[in-house]
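**Student:** kindly return the folded structure for what I paste below:
(one chain, ligands or ions: 1)
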Amino acid sequence: MSTEFTRQINPQPATDEVRAAVLENPGFGQHFTDHMVCIDWQGDVQKGTGSWDNARIQPYGPLSLDPSTSVLHYGQEIFEGLKAYRHQDGSVWSFRPEANAARLNRSAQRLALPALPEETFVDAVRELVRVDEAWVPSGEGESLYLRPFMIGTEPFLGVRPSKQALFSVIASPAGNYFGTVEPVDIWLSDTWARAGKGGTGAAKCGGNYAASLIAQLEGDAHGCSQVLFLDPEREGAVEELGGMNVFFVFDDNRLVTPELTGTILEGITRDSVLKLARDRGMQVEERAFTLDEWREGKRSGRLTEVFACGTAAVIAPVRRLLSHDEVIGSEHERPGEVTMAIRRQLLDVQTGRAEDPHGWLTRLV
Ligand SMILES: *Cc1c(COP(=O)(O)O)cnc(C)c1O
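**Tutor:** Got it, this is the predicted structure:
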């Protein structure tokens, strides 16, 4: 059963000129479309009761929250990230949105927020993209980035799950990630952890990001755009980047990525890369991967490529791993063949230039 959304159209949408200027050079996360989705929940997570009501499209704009609103004090917040791509024939598609819907609900469970029916999630995305279709870029490699999120909205102070919640979706045109794919340096965070056993590492929640920012600052200071976190439970085992999963390519047609231990975010790009690699006949290993193996692989030359992946940047080749006391990899590293081939394959499916044998695409418009 699909959710009925009421539509309150923005009386003052961006002018064609303003929108055209944004689409000319969208950047990432700087500009938002004319509308947003909001759906309210009331209930009791512990009792498993409650309902989602008042699904609506409304003009994009500030939320009004009481200063005692629970999310502001106790941090019940989760989010998702996915993209809508315009295909050559003008149609607009999203990539595995049901996987984002399912993951949102896993995050919700961990943060004691209510589950949202998966169809409602996909309907919400579709409604927003339909009303703001003019904001979906059509340039090579461009997309409309969608940011669903959920917060506890009950006004009260006290430590228990909120009895009110808001699910919302906002959208932001995203620029070209094709073209020059410059390998990135990443910073090894040996001081800070983003997740621990039994913690929220596997949930996509703002709190994880808040905890990673200090490490990000350290990385920035060393010229690194991303931070690599280690598994706090296993000495020297690589976990993931602040917002991306990480892969290692060996010269014997092997692809290795850290296994999902409960402290790693289960990336949808990660899962898709694993499937594409198997399709390519690669031997895929999900297991603990240590810094020692990284060093040794680089020394022997058997570790030929390292890359990171996530919805926003798709696949980013990694050049070097820097830390306070060492550098692994060379500054002359070029984007690897396997990295670029998988990247191309994924982008071709997303943008409709290749077959979609796994049924990953959902038409929105
Ligand atoms: C979102 C996210 C990823 C990537 O997930 P995708 O579904 O591929 O976008 C990886 N790590 C963290 C911590 C994330 O929040």
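**Student:** and the spatially closest residue to Pro155 that is not a sequence neighbour, how many residues sit next to it?
**Tutor:** Residue nearest to Pro155 in three dimensions, not counting chain neighbours: Asp66, with 3.8 Å by CB to CB, 6 or more residues apart in numbering. Bear in mind the C-beta positions are built from the backbone N, C-alpha and C, glycine included. For Asp66, the neighbour count with other CB atoms under 10 Å is 11.
**Student:** for the stretch 1-150 of the chain, what lies in contact range of the ligand?
**Tutor:** Gly81 (CB under 6 Å from any ligand atom).
**Student:** now do the contacts for Glu296.
**Tutor:** Residues counted as contacts of Glu296 (CB atoms under 8 Å, 6 or more residues apart in numbering) are Leu303.
**Student:** element containing it, please.
**Tutor:** helix 291-300 (DSSP states H and E).
**Student:** any idea which helix is longest in the chain?
**Tutor:** helix 206-221 (DSSP state H).
**Student:** please point out which parts of it sit buried.
**Tutor:** Neighbour counts over helix 206-221 (16 or more other CB atoms under 10 Å) mark Gly206, Gly207, Asn208, Ala211, Ser212, Ala215, Gln216, Glu218, Gly219 as buried.
**Student:** outside of it, which residues touch it?
**Tutor:** Residues contacting helix 206-221 (CB under 8 Å, 6+ apart): 75, 77-79, 186-187, 189, 191-195, 200-201, 225-227, 229, 242-243, 265.
**Student:** where does pLDDT dip in the chain?
**Tutor:** Applying pLDDT under 70 to the chain picks out residues 1, 177-180.
**Student:** kindly report the domain assignment for it.
**Tutor:** Following the assignment in automatic domain parsing, the chain carries domains at 6-174, 184-350.
**Student:** Throw those domains into CSV and include distance to Leu361, thanks.
**Tutor:** Below are those laid out as CSV (distance: least, CB to CB, whole Å):
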stretch, distance to Leu361
domain 6-174, 5
domain 184-350, 7
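**Student:** against Trp294, how distant is the residue in the chain sticking out farthest from the centre?
**Tutor:** Here the chain reaches farthest from its C-alpha mean at Ser300, the gap being 33.6 Å by CA atoms, centre = their mean. Using CB to CB, to the nearest Å, we find Ser300 at a distance of 11 Å from Trp294.
**Student:** ok, now Glu333?
**Tutor:** In terms of CB to CB, Glu333 sits 13 Å off from Trp294.
**Student:** of those two, give the one with the bigger neighbour count.
**Tutor:** The residue with more neighbours, out of Glu333 and Trp294, is Trp294; 20 against 16, by other CB under 10 Å.
**Student:** pretty sure that one contacts Val318?
**Tutor:** No: Trp294 is beyond contact range of Val318, at 10.3 Å (criterion: CB atoms under 8 Å).
**Student:** common neighbours of those two, please.
**Tutor:** Common neighbours of Trp294 and Val318, counting by CB under 8 Å, 6+ apart, are Val306.
**Student:** quick check: the residue of the stretch 51-200 of the chain nearest the ligand.
**Tutor:** At 5.5 Å from the ligand, Gly81 is the closest residue in the stretch 51-200 of the chain, using CB to the nearest ligand atom.
**Student:** which residues touch that residue?
**Tutor:** By CB under 8 Å, 6+ apart, the contact set of Gly81 is Asn100, Tyr145, Leu146, Arg147, Gly310, Thr311, Ala312.
**Student:** can we see that at 6 Å?
**Tutor:** Arg147, Thr311 (CB atoms under 6 Å, 6 or more residues apart in numbering).
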